[in-house]
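>>> no FASTA, just this:
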């Protein structure tokens, strides 16, 4: 993307940007992307152009010279978009794909792995391959152990953001091993003076998900005049929950009709699961339900009435022709209630004319309440507690088979709710200045992330709950007695069950200088080094370890971890403006990871500007992503699949999905013997300013990774048991595994093993396009149009070495999709104190996961094509006075609903929550007042 300099008065708005390809080199804080301290006021009227660092290089140059593949979102872009959080802002970036969001994180009743984590994911290469920086330096990663490794965007102090620079070029050779996909650098306000108050209030058209925010920024001292500056930004945000009952589009998706296999056989009233002998006896006795003789092992005494809208009679559903099917999309939240607060403070002190000392402190706290389905249980009851069955003489006829299993949903206990608190703290102290002919910058960075996961409602002790059903206190078919309701109230679990802490301490130093004049400027050199220590710990409560929380399983003491490692790195960068047209950059970085080994990665960049209006650029380099400590040492994580059928069970039970489709337990294991991922990438592009009003940028990029650190998808394993059967552990396999008590007559799944391995390769390529127009000023105002889009040409990977490549480009595979085309379009109009912005976010359609099963035949249902998703936002601003600015806006102007998807990966069914917004039309007002 073309980088503009806000301080260059000598050029029209779309003058060419003469700069080099990102040959970045900055260890943890090498590229702070900040404007250098202004020169003291001079008597000469000419304005001096300042040297700045832009994400992508450790060497300062005039901003207008930059020609880096960097997308910049400034404060004005953030305000116009009507967003108040870093994760919301990243959703507008076209190069992001498959990021973790609040919708994806809803894990209660489904996935609990890293619940609450909001991440950035450039190119769809994985959260772990995207490096997130704050003011050019690292932050501690999200502490909760899981498959993804990266910074929680909830820990970014959103109100303090001045701009965001998204480097769209792989940068492992410059910033470190986890920047294969690129870098996102959040840059906060600096040298701020005065006081600024901001308030924001928003409400959705159909109710739910309302938002209120307030922030205050204050600063004192002019660094150039007073020799110091202190500033701080405090931000408070509250967002309301959004339940499925508040959205009409949930009904419009027709999930029970389209996706009956993704629903549940545990409803209320509960389904009775008969043994084969019990079923045969009842059939011989002519037992019927609703006047219809039974024929299957799953029956429901309330059928065909069941209990809409959550428990339905769907003969083609997972409950079968004699049972009921539970639509859990009627019993959860789509958007969590959140309380967020953040503070960022910064102080700078001049020490003489050539040195500055600084300290920066940040603290963020994000509390989210994730509300999922009510708990479910397979309760064993004596036949005497079920009058309709007792009357058949079943107990006397089968005295050794009197127990009846009832699969029920505990609606009386309320939906399961978890409280997730993610806190981040960060202190950076350092100095910048000049020594002789060298400019230097050093900093010590202490960063911490803490995660607390608390079960607060709907969780019960499993053994006591089973006993309450067995003795009749709890009723799986209707209202429980007063004693049963008292049991639910008195035994509700409300305690912290998991906690984790991640710490990063680093010391980085960098020095730059000019070496000699060349035809296009000075040959410049940057040298730097970094020392870093990473530590992570996690623990669980005694109750969780006992594996006695209904709906929240545990593998035992494997929940505990305590690991650390040391990393050191050294790097160098050369910037050689050979002529006014040709510029060459070369970077080399060496990283050493304790117990993993060392790597040296080069990067070369080339810029050619044959004329002022045209610039060509290219770069090539290698990358190296060391396995994270979670990959190497994390505790075993117990989770669940989406509702998937077991092929072995289907063969043994006449394709009975009511019994064979379930949320199977998974156990994910780390691997201390993992090798690093390695990559090669290159890009080539051009920037053109054909007229003073038009600017065009186009870049081709290609990235290839090998030795991928990954697990196989649970859907891949179950769909290819000929190859992966050893990863599916069953009760009739006498393997001596904990929690899998051997039963030769039970072939059902105990758990599916997901283990981190180095397997296969991944390739991705595409085009980034930037098209910009800005009209000359006229009586009617000024118009600006800007389109930033990504056209992905290839995105594919292997599930194992030597396996064929599987493409997720325009096709949902295992855990997500990479859309072929994404864009963000902004149309701006301004005249005097008035401004209007119309924005469009667009995602192209794609082939769905298409793993849905026809419950009548057991065959795959007809293929679905997910429609394109296009959201329009409209906002307008008014500068009422020099100090007061008012703004009003509508997000999702046309109230566009998420398109239907039959994906079976996320717990939410009917649509893909990773990129859609279930809030619908959303109105907001904001005001800003500035004191000087």
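Thanks, I have it. What you are looking at is a predicted structure, and each value in this text was computed from that prediction instead of being measured.

>>> can we go C-alpha only for contacts and neighbour counts from here?
Will do.

>>> Setting the sequence-adjacent residues aside, check what's closest to residue 249.
Take residue 249 and drop its neighbours on the chain: the residue closest to it by CA to CA, 6 or more residues apart in numbering is residue 897, 6.4 Å away.

>>> contacting residues around the one you found?
Residues in contact with residue 897 (CA atoms under 8 Å, 6 or more residues apart in numbering) are 249, 917-918, 920.

>>> redo that, cut-off 10 Å
247-250, 252-253, 869-871, 911, 916-921 (CA atoms under 10 Å, 6 or more residues apart in numbering).

>>> same thing with residue 492?
413, 455-461.

>>> Look at it and report its pLDDT.
pLDDT, residue 492: 97.

>>> for the stretch 801-932 of the chain, which spans come out with low pLDDT?
Applying pLDDT under 70 to the stretch 801-932 of the chain flags residues 851-862.

>>> where does the stretch 1-150 of the chain have low pLDDT?
Scanning the stretch 1-150 of the chain with the threshold set as pLDDT under 70 gives 1-68, 103-113.

>>> oh sorry, the question was meant for the stretch 451-600 of the chain
Residue ranges of the stretch 451-600 of the chain with pLDDT under 70: 555-558.

>>> And the helices in it?
Under the criterion DSSP state H, counting those that start in this stretch, helices of the stretch 451-600 of the chain are mapped to 462-470, 482-490, 542-545.

>>> Turn the ones you listed into CSV, including distance to residue 780.
Output for the helices of the stretch 451-600 of the chain, formatted as CSV (distance: least, CA to CA, whole Å):
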stretch, distance to residue 780
helix 462-470, 70
helix 482-490, 66
helix 542-545, 66
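
>>> I'd like those as a markdown table, with distance to residue 185 and mean neighbour count appended.
Output for these, formatted as a markdown table (distance: least, CA to CA, whole Å; neighbours: other CA atoms under 10 Å):
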| stretch | distance to residue 185 | mean neighbour count |
| --- | --- | --- |
| helix 462-470 | 46 | 17 |
| helix 482-490 | 48 | 15 |
| helix 542-545 | 38 | 17 |
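
>>> of all those helices, which lies closest to residue 195?
Minimum separation from residue 195 across the helices of the stretch 451-600 of the chain (CA to CA) falls at helix 542-545, 48.0 Å.

>>> Check the offset of that closest one from the chain's centre.
28 Å (CA atoms, centre = their mean, to the nearest Å).

>>> just checking, what packs against that helix?
When contacts are defined as 3 or more CA pairs under 10 Å, 6 or more residues apart in numbering; DSSP states H and E, helix 542-545 packs onto strand 495-518.

>>> Would you indicate which residues of the strand it packs on are buried?
Neighbour counts over strand 495-518 (16 or more other CA atoms under 10 Å) mark 496-514 as buried.

>>> what's the nearest residue to residue 272 if we skip its chain neighbours?
Leaving aside its sequence neighbours, residue 272 sits nearest to residue 406 (CA to CA, 6+ apart; 4.4 Å).

>>> actually residue 475, sorry about that
Excluding its sequence neighbours, the residue lying closest to residue 475 (CA to CA, 6+ apart) is residue 469, at 6.6 Å.

>>> Just want to check the distance between the one you found and residue 227.
73 Å (CA to CA, to the nearest Å).

>>> Next: residue 298.
Distance, residue 298 to residue 227, using CA to CA: 78 Å.

>>> And stretch 687-703, what's buried?
In terms of neighbour count (16+ other CA under 10 Å), stretch 687-703 has its buried residues at 687-689, 692-703.

>>> Over to stretch 118-134?
118-134.

>>> Kindly report the same for stretch 657-671.
657-671.

>>> Now, those that are in strands?
Using DSSP state E, the members of the buried residues of stretch 657-671 that fall in strands are 661-669.

>>> Tell me who's in contact with the nearest residue to residue 560 once chain neighbours are set aside.
Nearest residue to residue 560, sequence neighbours excluded (CA to CA, 6+ apart): residue 539, at 4.5 Å. Neighbour list for residue 539: 144, 452, 497-501, 545, 557-562, 635 [criterion: CA under 10 Å, 6+ apart].

>>> Quick check: the farthest pair among those residues?
Farthest pair in these, by CA to CA: 501 and 545, 18.5 Å.

>>> And residue 307, how far from residue 300?
For residue 307, the distance to residue 300 - CA to CA - is 11 Å.

>>> more neighbours, these two?
More crowded of residue 307 and residue 300, by other CA atoms under 10 Å: residue 300, with 29 against 17.
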